Every structure is written in C-alpha cells, then in structure tokens.
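Trainee: Structure for this input, please:
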Amino acid sequence: MSLIHPTAVISPKAQIDSSVSIGPYTVIGESVKIGARTKIGSHTVIEGCTSIGEDNTISHFTSLGGVPQDMKYRGEPTELQIGNHNTIREFTTIHTGTIQDQGVTKIGHHNWIMAYVHIAHDCVVGDHTIFSSNAQVAGHVIVGDWAILGGMSGVHQFVRIGQHAMLGGASALVQDIPPYVIAAGDKAQPHGLNAEGLKRRGFTPETIAVLRNAYRILYKDGLTFDEAKVAIEQLSLDESLLADSRIKVQEFLEFLAASTRGIIR
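Mentor: All right, here's what the predicted structure looks like:
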C-alpha cells in the first residue's frame, strides 16, 4: 500500500524514502530530499533545495524551502537543511538561505515548532528548541540548543539567542540573549536566570549557583559590560569550582565576547 496520497504532486526527481508518508494535495519539488519515516500532512509545499532528515512530523499547510524574503535575492541556488525528529506544525514557513550569508538555513534535531511560526533565511536553529505559536524570526538569527521562544515573539535579524535561554511571549528582541537567561518585554530585558529550565535538564545545584553568580556580575553589580566580562573571566578560572561549572561559565563568557549587536542590558 502506497504511503503517498494520489492527489499529491511530487517531482520524479525528488529523493523520498519509501517509508515517508505524504498527505493529500501536497506539492514536493525536484530538488527535495526526505529521509525515512518522516510524515507530511496535506496541502504542504516543500520546494527549493531542501533536505529533511528522518522521523520528522510536518503538519498541514506548511511551506518549506521557499525563496528567501530578501530583496537582494536573485535566484541563486541556496538551501534549507532540516535534521531528524522535528515537529513542524500548521502554517509554519521556513525559507532557504542567501549568498550574503552561508547560503543555507539550518534546523537541527528534536525541535518543537508550533503553528504559524516563521523562520527566515540564513537562520541557524540548534537542537531541542521550542518555538511557540506565531514566533517570528528574521534573517540570520542563531538560536542555541534548548532555547524557548514564547508565542507572538519577534526577533530582529542577526540576533543570537544563547543555549537554554528563554524569550517570553509577545516580546520584541533586538539584541542578543546570553545563554541561560530569561528575557521578556516589548523591548526584551533580562529577567533572571532560567533556573527551572536548567534543573529540568539536569544541571547540578552548584552549576546553577555559579551561573547565578555570573548573571549577578553581568546585570546586578553595576559594572560596565567590559568590567563584567573581566569579572566573569575570573570566575571561570576559579579552580575551586567543579570542571563542569567552569565550562558553563566559559561558554557564557564566549557568547558575550562574540556579540556584535550587543546583549540585552
């Protein structure tokens, strides 16, 4: 029995594993690759140079691999890459990249992307993230592993969201969120450490306490950004801390050092 509905329109050049199921009226283009056991709902369009891994669930009316919404785009061959075990819900749009960046939009593994989400060209999304309904992400955004974006949030282009960070619902984010930090507001501001999320993911009480200390240095001690970076570097070198705690602080510090748009303050 075929797993592809007879009304689906699929290019004979598309590379689709025999275990993939495809719903009614879905359209799949010639440069699409889809891995084993992926399920695709009805009325979905997958086009462009798009590769989708294994065990993904793609709901009805999604649009994947469309041309980027960038006025500089002139039809160059760019890509969308989606990993394994992702859930992508109804009316989500994810576009290919542009040659002004790396030419590829990347979605990792085990992500939960809810209805009406938009992920623009050249974004890089890690693993185990959650995009709540109507989260809107502009081009060239980087979203770290385990990050959460609240419903109806908006993210400015070139912003970075650190690993395990959380952006509250209906927030507008125009600068970077450091790892492990909660941000919210119509112009998003820091609102503490994402301690509950870290507990759920197995962070030890000591590591959470050390990250609270790093957060306090950055946001509560009245230091300039450069002064705070120096103080956090000293914390990362404290040999009385467990190795894992020092590594997490070093990752925090590396994120700050790499910021080009600045961090929320």
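Trainee: Identify the residue spatially nearest to Asp101, adjacent ones excluded.
Mentor: Nearest residue to Asp101, sequence neighbours excluded (C-beta to C-beta, 6 or more residues apart in numbering): Asp122, at 3.9 Å. Any C-beta I mention is one placed from the backbone N, CA and C, and that applies to glycine too.
Trainee: Please report the distance of that neighbour from Thr105.
Mentor: Distance, Asp122 to Thr105, using C-beta to C-beta, to the nearest Å: 6 Å.
Trainee: contacting residues around stretch 39-51?
Mentor: 5, 20-29, 31-34, 52, 56-67, 77-82, 90, 96 (C-beta atoms under 8 Å, 6 or more residues apart in numbering).
Trainee: now the end-to-end length of it.
Mentor: Criterion C-alpha to C-alpha, to the nearest Å; first-to-last residue distance in stretch 39-51 is 14 Å.
Trainee: Which positions in that stretch come out as buried?
Mentor: Neighbour counts over stretch 39-51 (16 or more other C-beta atoms under 10 Å) mark Lys39, Ile40, Gly41, His43, Thr44, Val45, Ile46, Glu47, Gly48, Cys49, Thr50, Ser51 as buried.
Trainee: what's the answer for stretch 188-203, then?
Mentor: Ala188, Pro190, Leu193, Asn194, Ala195, Gly197, Leu198, Phe203.
Trainee: tell me the helices in the chain, going along the chain?
Mentor: Secondary structure of the chain (DSSP state H): helices located at 195-200, 205-219, 225-236, 243-258.
Trainee: Ile161 is nearest to which of the ones you listed?
Mentor: Within the helices of the chain, the stretch nearest Ile161 is helix 243-258; the backing value is 10.0 Å (C-beta to C-beta).
Trainee: counting contacts, what elements does that closest one pack onto?
Mentor: With contacts taken as 3 or more C-beta pairs under 8 Å, 6 or more residues apart in numbering; DSSP states H and E, helix 243-258 sits against helix 205-219, helix 225-236.
Trainee: what does the average pLDDT come to for the last one?
Mentor: So the one you mean is helix 225-236. Mean per-residue pLDDT for helix 225-236: 98.
Trainee: Which residues does it contact?
Mentor: 210, 213-214, 217-218, 221, 223, 241, 246, 249-250, 252-253, 256-257, 263, 265.
Trainee: So among the residues you listed, which ones count as buried?
Mentor: Val210, Asn213, Ala214, Ile217, Leu218, Leu241, Arg246, Val249, Phe252, Leu253, Leu256, Ile263.
Trainee: Export these as TSV, with columns for pLDDT and distance to Gly169.
Mentor: As requested, those are exported to TSV (pLDDT from 0 to 100; distance: C-beta to C-beta, whole Å):
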residue	pLDDT	distance to Gly169
Val210	98	29
Asn213	98	28
Ala214	98	26
Ile217	98	28
Leu218	98	24
Leu241	96	35
Arg246	97	34
Val249	98	29
Phe252	98	25
Leu253	98	29
Leu256	98	26
Ile263	98	21
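Trainee: Dump those residues to CSV, plus distance to Gln100.
Mentor: Shown next, in CSV, are the buried ones among the contacts of helix 225-236 (distance: C-beta to C-beta, whole Å):
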residue, distance to Gln100
Val210, 39
Asn213, 39
Ala214, 34
Ile217, 36
Leu218, 32
Leu241, 41
Arg246, 37
Val249, 34
Phe252, 30
Leu253, 29
Leu256, 26
Ile263, 24
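Trainee: from those, which two are the most distant?
Mentor: Maximum distance among the buried ones among the contacts of helix 225-236 (C-beta to C-beta): 23.1 Å, for Leu241 and Ile263.
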